[in-house]
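K.L.:
need a structure here:
(2 chains)
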Amino acid sequence: MVTALNAKVLVGGDKLDTPVYTACCSDLMSDVLAFVDEKTVLITGLTNPHVVRTSEMLDLKCIVFARGKVPTEDILESADEQGLVVIATKLTAFSTCGILYEMGMRGVPVPVQWDQEDK
Amino acid sequence: MEPMFTGSYHVAKADYSSAGRASADIKRQLKQIGVGGDVLRRVAVASYEVELNLVIHSLGGELTLNVYPDLVQLISSDVGPGIPDLTMAMKEGYSTANEEARSLGFGAGMGLPNMKRNADDFDIKSTVGVGTTITMGFHLT
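P.N.:
Numbering: from 1, shown residues only, chains lettered A, B, ... in the order given. Below is the predicted model:
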């Protein structure tokens, strides 16, 4: 992932061999909390402390900050305490997703049922 | 029955920077007691959602954790303002969150439905001008 995204490792360089198979991409932590139910990679452009707290609650393994965004040092420290891998790429979230998808990663299932949908 | 373990956390109105600390502590405590896996994650998500709701919407409140041999219970109790339309509040996508909450990535109207989805038992009572109490149970067996 680091090579493919030409990414900078910010935290958790010793855990880069952790296997990951699924990812979700969102700047809406509300949706991440609602939809993500697996240990997965979060791709986001949001760099506030709640990105790390959301990841902590869900046991996420890795955060990819897209569009060149880098969170502040205290946020990174807290990510380090959680044992997360945090990397940053200059690519947009869209391009990041495309590259990871090509590498074989897939989205997480979304437990949504539309009102009119046939069951 | 008396709980085996109990913890109480004050959550202040609009304290966005601290939001999530109580839930992080609740998750740590439960882990230490030996609660893990799917239940731990569901409690953590519901706890974080309810804590954020206290910060974003309430005038302040308490988050209480009770652990029984077969049940983890979370109770959120605030001092107002109360929810005028509970049916709307329970709908996915319906939100009255302000810009500050939205700028942090919240306020998508997923909080209450997500708590209900994650908890095994969910009860909400609200009176305008008095407050809201949410009780959630997570079965351990």
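K.L.:
Please enumerate the strands of chain B.
P.N.:
In chain B, the strands defined using DSSP state E lie at B:5-11, B:61-68, B:71-78, B:121-127, B:131-139.
K.L.:
State the pLDDT value of the nearest residue to B:Gly82 once chain neighbours are set aside.
P.N.:
Nearest non-adjacent residue to B:Gly82, counting by Cβ to Cβ, 6 or more residues apart in numbering or on different chains: B:Val128, 3.8 Å away. Where you see a C-beta, it was placed from the backbone N, CA and C, and this is true even at glycine. pLDDT, B:Val128: 97.
K.L.:
does the most centrally placed residue in chain A count as helix, strand or coil?
P.N.:
Geometric centre of chain A, nearest residue: A:Leu42, 1.2 Å, by Cα atoms, centre = their mean. Three-state assignment for A:Leu42 (DSSP: H, G, I helix; E, B strand; the rest coil): strand.
K.L.:
any idea of the pLDDT on it?
P.N.:
97.
K.L.:
quick one, what contacts it?
P.N.:
Taking Cβ atoms under 8 Å, 6 or more residues apart in numbering or on different chains as the criterion, A:Leu42 is in contact with A:23-26, A:32, A:36, A:51, A:54-55, A:60, A:62-64.
K.L.:
can you do 7 Å?
P.N.:
A:24, A:32, A:55, A:60, A:63 (Cβ atoms under 7 Å, 6 or more residues apart in numbering or on different chains).
K.L.:
For it, give its distance to chain B.
P.N.:
Look at A:Leu42 and chain B: by Cβ to the nearest Cβ, to the nearest Å, they are 11 Å apart.
K.L.:
How many residues are close by A:Val112?
P.N.:
Residues lying near A:Val112 (other Cβ atoms under 10 Å in any protein chain shown) number 9.
K.L.:
ugh, wrong one, I meant B:Lys116
P.N.:
17.
K.L.:
now it, nearest residue through space, not along the chain?
P.N.:
Nearest non-adjacent residue to B:Lys116, counting by Cβ to Cβ, 6+ apart: B:Phe122, 4.5 Å away.
K.L.:
same question, A:Thr18
P.N.:
Excluding the flanking residues, the one nearest A:Thr18 by Cβ to Cβ, 6+ apart is A:Lys61, at 5.7 Å.
K.L.:
what's near enough to touch that neighbour?
P.N.:
Taking Cβ under 7 Å, 6+ apart as the criterion, A:Lys61 is in contact with A:18, A:20, A:39, A:41, A:84-85.
K.L.:
quick one: which of those is nearest to B:Asp38?
P.N.:
Each of the contacts of A:Lys61 was scored against B:Asp38 by Cβ to Cβ, and A:Lys39 proved nearest at 11.8 Å.
K.L.:
Verify the stated contact: the closest one with A:Asp59.
P.N.:
Yes - if you go by Cβ atoms under 7 Å, A:Lys39 and A:Asp59 touch, sitting 5.6 Å apart.
K.L.:
residues touching A:Ala66, list them.
P.N.:
A:43-45, A:89, A:91-93, A:96.
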